[in-house]
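Asks: predicted model and sequence follow; I will ask about them next.
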Amino acid sequence: MRLNIKKIEEEYQAVEEETTKQFLALAASEMERIAVELVPVDTGNLKGSITSWTDEFSAYVGAGFTKAVSYAKFVEYGTAKMRPQPFLRPALFEVSSKATKMFTNLFQKNINKSNLYK
């Protein structure tokens, strides 16, 4: 039996890239979900502005992208007259604590679906 090392490396790289994309989407979505649970609600505008998105190898989560909810940073960090009520940072910390397990589970699933062990 002959092993084609180049083909194995290419397959492994494809699994790695696919897993990374899946992980970023999952992590961003999970962070958005947690932030929505944690955000203080008055009118609901800030809660409704929380969103997440990904591009090829980056994930983003944020709030307050319109003028109507430009106060998001004041809620998150507080002001001289208002205590902070963080919702994005705790969401990030919670997802960060699960990140290794999330990535490992996705990677194992993708390895099992790949041609690496066939």
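Replies: Yep, it's here.
Asks: where does the chain have low pLDDT?
Replies: 1, 3, 117-118 (pLDDT under 70).
Asks: can you give me the strands for it?
Replies: Using DSSP state E, the strands of the chain run over 51-55, 58-62.
Asks: using CSV, list the CA coordinates for stretch 99-116.
Replies: Extracted in CSV, the C-alpha atoms of stretch 99-116 (Å, rounded to 0.1, in the frame of the first residue of the first chain):
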residue,chain,number,x,y,z
ALA,A,99,-14.1,27.3,22.6
THR,A,100,-11.6,24.5,22.8
LYS,A,101,-14.3,21.9,23.3
MET,A,102,-16.5,23.4,20.6
PHE,A,103,-13.6,23.3,18.1
THR,A,104,-12.4,19.9,19.1
ASN,A,105,-15.9,18.4,18.6
LEU,A,106,-16.4,20.0,15.2
PHE,A,107,-12.9,18.9,14.1
GLN,A,108,-13.5,15.3,15.2
LYS,A,109,-16.8,15.2,13.4
ASN,A,110,-15.2,16.6,10.2
ILE,A,111,-12.3,14.2,10.4
ASN,A,112,-14.7,11.3,10.7
LYS,A,113,-16.6,12.5,7.6
SER,A,114,-13.4,13.0,5.6
ASN,A,115,-11.4,10.6,3.5
LEU,A,116,-8.5,10.6,5.9
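Asks: how far off centre is that stretch?
Replies: 17 Å (CA atoms, centre = their mean, to the nearest Å).
Asks: switch the strands of the chain over to TSV; also include mean neighbour count and distance to Thr43.
Replies: Just so you know, the C-beta spots here come from the backbone N, C-alpha and C atoms, and that holds for glycine as well. Shown next, in TSV, are the strands of the chain (neighbours: other CB atoms under 10 Å; distance: least, CB to CB, whole Å):
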stretch	mean neighbour count	distance to Thr43
strand 51-55	15	17
strand 58-62	15	18
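Asks: fine by me, we can end here.
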